[in-house]
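**Student:** let me see the structure of the following:
(one chain, ligands or ions: 3)
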Amino acid sequence: MFKTMSFERLLEKATSHLLLEPDWNAILQICDMIRAGDTQPKYAIACIKKKMFNQNPHVALLALQVLESCVKNCGVGVHEEIATKTFMEDMRDLAKNSKDDPVKNKVLELIQAWAYAFRNSSRYRAVQDTLNIMKAEGFTFGPLKESDAMFAADTAPEWVDGESCHRCRAQFSLTQRKHHCRACGQVFCGKCSSKSCALPKFGIEKEVRVCDSCWDKHNGDAIS
Ligand SMILES: O=P(O)(O)O[C@@H]1[C@H](O)[C@H](OP(=O)(O)O)[C@@H](O)[C@H](O)[C@H]1O
Ligand SMILES: [Zn+2]
Ligand SMILES: [Zn+2]
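**Tutor:** Ligands and ions are numbered 1, 2, ... in the order given. As a prediction, this is how the structure comes out:
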C-alpha cells in the first residue's frame with residue numbers, strides 16, 4: 001500500500017520546473033488533502049505563495065494553477081486565506097514585478113474571476129478593491145470567462161450580527177455569549193447552537209458549529 005504523499009511532496013511535484021503541463025493528478029490530491037482537513041488552508045496557501053514567487057516563471061505559473069484549483073475546489077477555508085488585503089497585495093506585487101507575461105496574465109485572470117465570484121460578499125471585499133486599484137494603475141483585464149468564476153464549493157453565508165438569539169430571542173450579555181451558525185450565518189445563543197457538523201457543500205469537511213435547525217436539515221431524517 002503506497003503511503004499517501006505528503007502535502008509538501010505533492011506541491012513539489014505539481015510545481016516542478018520539469019513539467020510541460022500541469023500535473024492535474026497532483027493538484028487534485030492537494031485539493032483533497034485541504035478539503036479533508038489533512039492540511040490546514042493557511043499553511044497550504046503559504047506554501048503555494050512561496051512557489052508563486054519562485055525565480056523560475058515556469059514554477060510561478062504552475063503555482064498559480066495550483067492556487068486556482070484550490071480556490072475553486074476547497075471552499076471557504078481557502079477563500080478566507082486569499083481574500084485578504086495582504087494576499088491581494090502579494091498578488092498585485094507579483095503582477096507588477098513579474099517579467100513573464102503568462103505569469104502576469106494569470107494573476108490578472110484570477111483576480112478578475114475571484115472579484116466576480118465574490119461580488120456579493122462584503123467579507124471578501126479586498127478582492128474587488130484590488131481589482132479597482134489595479135485598473136486605476138493601468139492594468140488591462142481581459143474578458144471575464146464566467147466558467148473561471150464557477151466554484152465547485154459554494155461560499156458559506158456571511159455572518160449576521162444581532163443582539164439576541166435568532167431562534168429563542170434570548171438577549172446576549174456578558175454571560176449569554178453570541179455564537180454563529182456556519183450553515184446559515186445567523187447568530188444564536190449557546191443552547192440553540194450547541195451542535196456541530198461538517199458542511200461539505202461549503203468545502204468544510206471538519207465539524208463546525210451549526211444551529212439546531214441547520215443541524216436537523218443536514219442530519220435529521222428529513223429528506224434532504
Ligand atoms: O466568545 P465571544 O467573545 O462572545 O465571541 C464570539 C465567538 O467568537 C463566536 O464564535 P463561535 O460561533 O465559534 O462560538 C462568534 O460566532 C461570535 O461572533 C463572537 O462574538
Ligand atoms: Zn437561543
Ligand atoms: Zn443555521
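
**Student:** now do the strands in this protein.
**Tutor:** For the chain, the strands defined by DSSP state E cover 179-180, 187-188, 195-199, 204-210.

**Student:** between those, which gets nearest to ligand 1?
**Tutor:** strand 179-180 (3.4 Å; C-beta to the nearest ligand atom). C-beta: built from backbone N, CA, C; applies to glycine.

**Student:** which secondary structure elements does the worst-scoring helix or strand of the chain on mean pLDDT sit against?
**Tutor:** Using mean pLDDT, DSSP states H and E, strand 204-210 stands out as the lowest-scoring helix or strand of the chain, at a mean of 87. Packing contacts for strand 204-210, counted by 3 or more C-beta pairs under 8 Å, 6 or more residues apart in numbering; DSSP states H and E, involve strand 195-199.

**Student:** roughly how far is the strand it packs on from the heart of the chain?
**Tutor:** 19 Å (C-alpha atoms, centre = their mean, to the nearest Å).

**Student:** residues contacting that strand, please?
**Tutor:** For strand 195-199, the external contacting residues (C-beta atoms under 8 Å, 6 or more residues apart in numbering) are 156, 182-183, 204-210, 212, 215, 218-219.

**Student:** most neighbours of all those residues, which one?
**Tutor:** Val210 (26 neighbours; other C-beta atoms under 10 Å).

**Student:** got a list of what it touches?
**Tutor:** Counting by C-beta under 8 Å, 6+ apart, Val210 has contacts Cys181, Arg182, Ala183, Cys184, Ser193, Lys195, Ser196, Cys197, Leu199, His218.

**Student:** quick check: Ala36 touching Pro200?
**Tutor:** No - if you go by C-beta atoms under 8 Å, Ala36 and Pro200 don't touch, sitting 10.5 Å apart.

**Student:** got the residues of the chain near ligand 3?
**Tutor:** Residues of the chain lying close to ligand 3 by C-beta under 5 Å from the ion are Cys181, Ala183, Cys184, Cys211, Cys214.

**Student:** ok, which pair from the residues you listed is furthest apart?
**Tutor:** Ala183 and Cys211 (7.3 Å; C-beta to C-beta).
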